[in-house]
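S.K.: Sequence first, then the predicted structure, then my questions.
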Amino acid sequence: MASVGAILLTFLAGTELDPVIVRKHLGSTLSIGVVGFVVPYLGVLIFARYGLGWPWPQAQIAGIALSTTSVAVVYAVMVETGFNQTEISKIILAGCFVNDVGTVLALGVVFANYNIWLVLFAVVTALAMWFTPKLAWFTKRFGGRVSEPEAKLLLLVLFALATLAATAKSEAVLPAYLLGMALATFFIKERALAQRLRVITFTLLTPFYFLKAGSLVKFETIAAAVGLITMFLAVKMATKFVGILPLTRMFNFDRREGMYATLMMYTTLMMCTGLTFGTISALFGLTNGIIDQEQYTILVAAVIGSAVVPTLIAQRWFQPAFKPIAKEAAHVQENPDR
């Protein structure tokens, strides 16, 4: 249940990426996303390797796990506040996507299991991204029924890609996010379908994320390593801040928007394995014997801290004024009673 929820929430986050906004702000999106991955990765890698004396493979897992941001938590916060209808939210979500793609690529390059299944997985994912948006006719022909055939078709495609990802030793959330991005334009027109999927995900599946996460963390390790967890958290936050904030100035974000974007790019939700790339990376290291249970707990605890602290600060002190994107603002002006 937790894994299914992870797939659906990541898919829905991908559908929030407005292609028009991404093309309009391509430079800022790519710059913020790439720097948001590279700088924390190198910072945490150097700290783990030379500050703590961890072997290279373990230090690389730490760097990858703590370089991520979280599409899931950013998406959830923005939907809850209604901020997902603003242009800056689209830029932040797109930057998170680039950031997490860097994480997956790094994990693949450093610890890749190259075989025919990996090639097949890449090819099928690319074909699904090309072909699935062409199924709009299916929604027009069979949509609006109690049995929800269009939702079931999407789930069929997502589960098929997830199965292939597992066979290829990859992660199911990656094709889910890519497919969601490919269907972003489709879901702009099909808001009712997106809302139904969102209700299922947030009401039924989200609690399983917390249950799953709690079962993987050793409390005694957290109590004994609070100082080390704090240092990992500080390194991640400092490197994200140093890397991203100057870019927000370069691309003419105002002060509050720049701080908000920087803080939200820190965030990494680990409430369920498979939901976020940070926890996925740590779990990959644990499953493959690269790191032990104590190191996994330390990394995951730092990931939790990087989800809670920056998000609270961003929402409390640096949330910008609500500025709907142009088409939404025009609709509100035409319908002032809305």
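M.R.: Yep, that arrived. Residues are numbered from 1 along each chain as shown.

S.K.: would you list every one of the strands in the stretch 151-300 of the chain?
M.R.: In the stretch 151-300 of the chain, no strands are defined using DSSP state E, counting those that start in this stretch.

S.K.: Find the residue ranges of it scoring beneath the pLDDT cut-off.
M.R.: 209, 213, 248-249, 251-276 (pLDDT under 70).

S.K.: let's see 50
M.R.: Scanning the stretch 151-300 of the chain for pLDDT under 50 picks out 258, 263-275.

S.K.: for the stretch 1-150 of the chain, same thing?
M.R.: For the stretch 1-150 of the chain (pLDDT under 50), the answer is none.

S.K.: same thing but at 90, please
M.R.: Applying pLDDT under 90 to the stretch 1-150 of the chain picks out residues 1-37, 39-40, 65-115, 118, 131-150.

S.K.: And the helices in it?
M.R.: With helices called from DSSP state H, counting those that start in this stretch, the stretch 1-150 of the chain shows them at 2-15, 19-24, 26-46, 56-65, 71-81, 87-111, 116-131, 136-142, 149-167.

S.K.: buried residues in the third one?
M.R.: Same thing as helix 26-46. Using 16 or more other C-beta atoms under 10 Å as the burial criterion, the residues of helix 26-46 that qualify are 28-29, 31-41, 43-45. Using the backbone N, CA and C atoms, a C-beta is placed for each residue, glycine as well.

S.K.: who touches it?
M.R.: 22, 59-60, 62-64, 66-69, 91, 94-103, 106, 232, 235-236, 238-240, 242-244, 247-248, 250-251, 261, 265 (C-beta atoms under 8 Å, 6 or more residues apart in numbering).

S.K.: at 7 Å instead, please
M.R.: 22, 59-60, 62-64, 66-67, 69, 91, 94-95, 97-99, 102-103, 106, 232, 235-236, 239-240, 242-244, 247, 251, 265 (C-beta atoms under 7 Å, 6 or more residues apart in numbering).

S.K.: One more: the fourth one?
M.R.: With C-beta under 7 Å, 6+ apart as the contact definition, helix 56-65 has outside contacts at 41, 44-45, 48-49, 54, 103, 106-107, 110, 278, 281-282, 285, 290-291, 295, 299, 303.

S.K.: how far away is the closest residue to Gly102 other than its chain neighbours from Ala302?
M.R.: Counting by C-beta to C-beta, 6 or more residues apart in numbering, Phe37 is the residue found nearest to Gly102 once chain neighbours are left out, at 3.5 Å. With distances taken as C-beta to C-beta, to the nearest Å, Phe37 is found 16 Å from Ala302.

S.K.: try Lys90
M.R.: Lys90 is 28 Å from Ala302, by C-beta to C-beta.

S.K.: With Lys240 instead?
M.R.: 13 Å.

S.K.: And Gly214, by the same measure?
M.R.: Distance from Gly214 to Ala302, by C-beta to C-beta: 16 Å.

S.K.: what's the answer for Thr167, then?
M.R.: Thr167 is 31 Å from Ala302, by C-beta to C-beta.

S.K.: which residues sit in contact with Ile7?
M.R.: By C-beta under 7 Å, 6+ apart, the neighbours of Ile7 are Leu158, Ala162, Ala172, Val173, Ala176.

S.K.: Could you dump those into CSV and include neighbour count?
M.R.: Output for the contacts of Ile7, formatted as CSV (neighbours: other C-beta atoms under 10 Å):
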residue, neighbour count
Leu158, 22
Ala162, 22
Ala172, 22
Val173, 28
Ala176, 27
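
S.K.: Would you point out the most distant pair within these?
M.R.: Leu158 and Val173 (10.1 Å; C-beta to C-beta).

S.K.: From the rest of the structure, what touches stretch 148-159?
M.R.: Contacts of stretch 148-159 (C-beta under 7 Å, 6+ apart): 7, 11, 128, 132, 138-139, 142-143, 176, 179, 193, 196-197.

S.K.: buried sites along that stretch?
M.R.: Applying 16+ other C-beta under 10 Å to stretch 148-159 flags Glu148, Glu150, Leu154, Leu155, Val157, Leu158 as buried.

S.K.: Just send the residues you listed back as CSV, with distance to Gly227 too.
M.R.: Shown next, in CSV, are the buried residues of stretch 148-159 (distance: C-beta to C-beta, whole Å):
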residue, distance to Gly227
Glu148, 51
Glu150, 52
Leu154, 46
Leu155, 45
Val157, 46
Leu158, 41
